[in-house]
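Chemist: Sequence and predicted structure, then a few things I'm wondering about:
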Amino acid sequence: MTGKQILTVSAILLLINPSVLRSPADEARTTRGATWITSLQANDIDVQKNASAEADAERKQEVGVLSLTLKEDPSKENRVRIAEAMRIAGRLRVKEVAQDIVARIDFLEHGVRLTRRPPSPLDYLAVKSLVGIGKPAVAPIVQRLSTESDPLIRLLCLSVLEQIEGRESAKLILRGEIGRRKGDARTNLENALRSIQ
């Protein structure tokens with residue numbers, strides 16, 4: 001783990017949008033992040049190991065907070081936090097929450113209105129976030145495609161898959177998955193493949 005990766009999610013949240021999360025512990029987290037960076041640059045290997053272990057533990061806890069935020073009820077007051085969590089996950093490539101974001105792939109931020117018909121995948125924050133996460137988002141996307149028949153969800157999932165893998169690789173991935181699936185899952189994946197051909 002590099003020094004740049006050690007900044008906690010809460011510290012990054014505060015840097016991006018200070019009004020989203022504000023607690024007395026946030027300043028302490030930011031200070032701990034700076035201390036970890038200094039410790040990782042130390043010559044003593046034990047100091048480096050301890051700093052790395054502390055940072056890993058803190059990151060796991062912060063990823064848990066992101067995951068819980070992404071699962072919140074999307075009421076008006078929670079939509080801002082959910083949107084910010086999606087942005088952070090995409091920017092920091094937080095692969096552990098890809099499944100949570102895929103579950104909300106059709107999430108619209110508070111105040112965003114769709115003016116295009118059909119809607120563009122770029123209107124959806126989850127699409128941008130998943131593309132930011134990259135390859136770790138592919139498996140949850142394919143899983144969602146296998147369980148969904150909704151055309152909007154299919155469009156959004158295929159957009160992510162194509163942006164991450166490219167059109168031809170996306171087709172190969174879907175063909176491979178079709179060979180492993182049966183029943184409705186197979187039918188849904190075949191429909192998805194037809195959508196991009």
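Modeler: Now that the structure is in, tell me what you want to look at.
Chemist: for the longest helix belonging to the chain, which positions count as buried?
Modeler: Longest helix of the chain, by residue count under DSSP state H: helix 45-70. Using 16 or more other C-beta atoms under 10 Å as the test for burial, helix 45-70 gives Gln48, Ala51, Ser52, Ala55, Glu58, Arg59, Glu62, Val63, Leu66, Ser67, Thr69, Leu70. Yep, even glycine has a C-beta here, placed from its N, CA and C like the rest.
Chemist: Against Glu54, how distant is the first one?
Modeler: Going from Gln48 to Glu54 by C-beta to C-beta, to the nearest Å gives 11 Å.
Chemist: can you tell me which of the buried residues of helix 45-70 lies nearest to Val80?
Modeler: Thr69 (10.4 Å; C-beta to C-beta).
Chemist: Pull the contacting residues for that closest one.
Modeler: With contact taken as C-beta atoms under 8 Å, 6 or more residues apart in numbering, Thr69 is in contact with Arg81, Ile82, Ala85.
Chemist: who wins for neighbours among those residues?
Modeler: Within the contacts of Thr69, neighbour counts (other C-beta atoms under 10 Å) peak at Ala85, which reaches 30 neighbours.
Chemist: Tell me which residues touch that one, please.
Modeler: Leu66, Thr69, Leu70, Val97.
Chemist: before we move on, the earlier item: can you redo the contacts of Thr69 as a markdown table with distance to Ser75 and pLDDT?
Modeler: As requested, the contacts of Thr69 are exported to a markdown table (distance: C-beta to C-beta, whole Å; pLDDT from 0 to 100):
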| residue | distance to Ser75 | pLDDT |
| --- | --- | --- |
| Arg81 | 10 | 85 |
| Ile82 | 10 | 88 |
| Ala85 | 15 | 89 |
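Chemist: Select from those residues every entry located in helices.
Modeler: Filtering the contacts of Thr69 for helices - DSSP H - leaves Arg81, Ile82, Ala85.
Chemist: Check which helix or strand Leu130 maps to.
Modeler: When elements are assigned from DSSP states H and E, Leu130 belongs to helix 125-133.
Chemist: Show me what that helix is packed against.
Modeler: helix 76-92, helix 98-103, helix 151-165 (3 or more C-beta pairs under 8 Å, 6 or more residues apart in numbering; DSSP states H and E).
Chemist: Reformat the ones you listed as TSV; add distance to Lys171.
Modeler: Shown next, in TSV, are the helices and strands packed on helix 125-133 (distance: least, C-beta to C-beta, whole Å):
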stretch	distance to Lys171
helix 76-92	25
helix 98-103	20
helix 151-165	9
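Chemist: Tell me which other helices or strands the helix or strand hosting Arg144 touches.
Modeler: Using DSSP H and E, the element containing Arg144 is helix 138-147. Where contact means 3+ C-beta pairs under 8 Å, 6+ apart, helix 138-147 is packed against helix 98-103, helix 151-165, helix 167-180, helix 183-196.
Chemist: Now tabulate those in a markdown table and tack on distance to Val138 and mean neighbour count.
Modeler: Converted to a markdown table, those look like this (distance: least, C-beta to C-beta, whole Å; neighbours: other C-beta atoms under 10 Å):
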| stretch | distance to Val138 | mean neighbour count |
| --- | --- | --- |
| helix 98-103 | 9 | 22 |
| helix 151-165 | 6 | 20 |
| helix 167-180 | 7 | 15 |
| helix 183-196 | 13 | 16 |
